[in-house]
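>>> need a 3D model of the following:
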Amino acid sequence: MQVKNDFPEVYQFDASDAPSVQTWWNTLGNKWVRVNIVTDTLGNVVGTSGTSRELTGGADRELLKALRKESDVVVLGGSTVRAEPDSVPRKTPVVIVSQSGDVPLDALKRARGRITILHGKGATIPELAHGVVLREFTGAAIVAALRKLGYKRIVFEGGPTLASLILHSGLVDELCQTISPQLGIRVPGLALVDVTGLLSNVAHDDAGFRYTRRVTNGAPHKSS
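Down below sits the predicted model:
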């Protein structure tokens, strides 16, 4: 599928052409924190299944795969992994943020790379994963733990609770939001926080999906 870039430059590229997509993503150098999430036009992040499956489409999956390839690690929340075990990437190293350490084995078995769980004290960690205890579950503490593990190019994929936590930390370099033409449903606590920031990139495809990236002095901020 063709993706039309609208800002800051106007051009198009094929989402199945890996080099072109990698070039499209490679705009922040070798050290960054990104939040990548799909929503509907109202900021809802789930459909009738209680997952984001109904919201994806167009070139979204191809762009997601390319961003994962560009990243050193993909970070997911425990609740997201429990609801969507197939959200765990097969190749890129994975970190799961879960105070309880409760992660389904089916999800862990998908990962062929290193998988780490950031968990609370006293949690029981599955044998397939490496565990790291967090004293506090704040955005700053999570990013610090990831840096200590040696990760430089970090992408948080959600869910919305984890995404909001990281966005509020002031440590995000870019919010990457796929805006789906499909309507989700409003669930309390499961909507992306409103953020302000400078648009760094806008694109769209013929299936009606829009792709935006937004920054404000290194971090999006919650609007008042």
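>>> all helices for this protein, in order.
Secondary structure of the chain by DSSP state H: the helices cover 18-25, 60-70, 78-83, 105-110, 139-148, 160-167.
>>> orientation of the longest one relative to helix 18-25 in degrees?
So that's helix 60-70. 80 degrees (axes from the mean of the first three to the mean of the last three Cα atoms, to 10 degrees).
>>> mind listing what's buried in helix 60-70?
Asp60, Glu62, Leu63, Leu64, Lys65, Ala66, Leu67, Arg68, Glu70 (16 or more other Cβ atoms under 10 Å). Backbone N, C-alpha and C define where each C-beta goes, glycine included.
>>> repeat for the first one
Along helix 18-25, these residues count as buried under the neighbour rule (16+ other Cβ under 10 Å): Val21, Trp24, Trp25.
>>> kindly reformat those residues as a markdown table and extend each row with distance to Gly122.
Converted to a markdown table, the buried residues of helix 18-25 look like this (distance: Cβ to Cβ, whole Å):
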| residue | distance to Gly122 |
| --- | --- |
| Val21 | 42 |
| Trp24 | 44 |
| Trp25 | 39 |
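>>> helix or strand with the lowest mean pLDDT in the protein?
strand 221-222 (a mean of 44; mean pLDDT, DSSP states H and E).
>>> Tyr178 touches Thr39, doesn't it?
Actually, residue 178 is Thr rather than Tyr. Yes - in terms of Cβ atoms under 8 Å, Thr178 counts as a neighbour of Thr39; the distance is 7.4 Å.
>>> more neighbours, those two?
The neighbour comparison of Thr178 against Thr39 (other Cβ atoms under 10 Å) goes to Thr178, with 23 against 20.
>>> so what's that one up against?
The contact partners of Thr178, by Cβ atoms under 8 Å, 6 or more residues apart in numbering, come to Asn36, Ile37, Val38, Thr39, Leu55, Thr56, Asp60, Leu63, Phe209, Arg210, Tyr211.
>>> export the helices of the chain to TSV and tack on distance to Val10?
TSV is the format used below for the helices of the chain (distance: least, Cβ to Cβ, whole Å):
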stretch	distance to Val10
helix 18-25	13
helix 60-70	18
helix 78-83	35
helix 105-110	38
helix 139-148	34
helix 160-167	29
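>>> now the strands for this structure?
2-7, 11-14, 32-39, 73-77, 94-97, 115-119, 130-133, 153-158, 174-179, 195-196, 198-205, 210-215, 221-222 (DSSP state E).
>>> give me the pLDDT value at the residue of the chain most remote from its centre.
Residue distances from the centre of the chain (Cα atoms, centre = their mean) peak at Gly122, which lies 27.4 Å from the mean C-alpha position. Gly122 is assigned 89 on the pLDDT scale.
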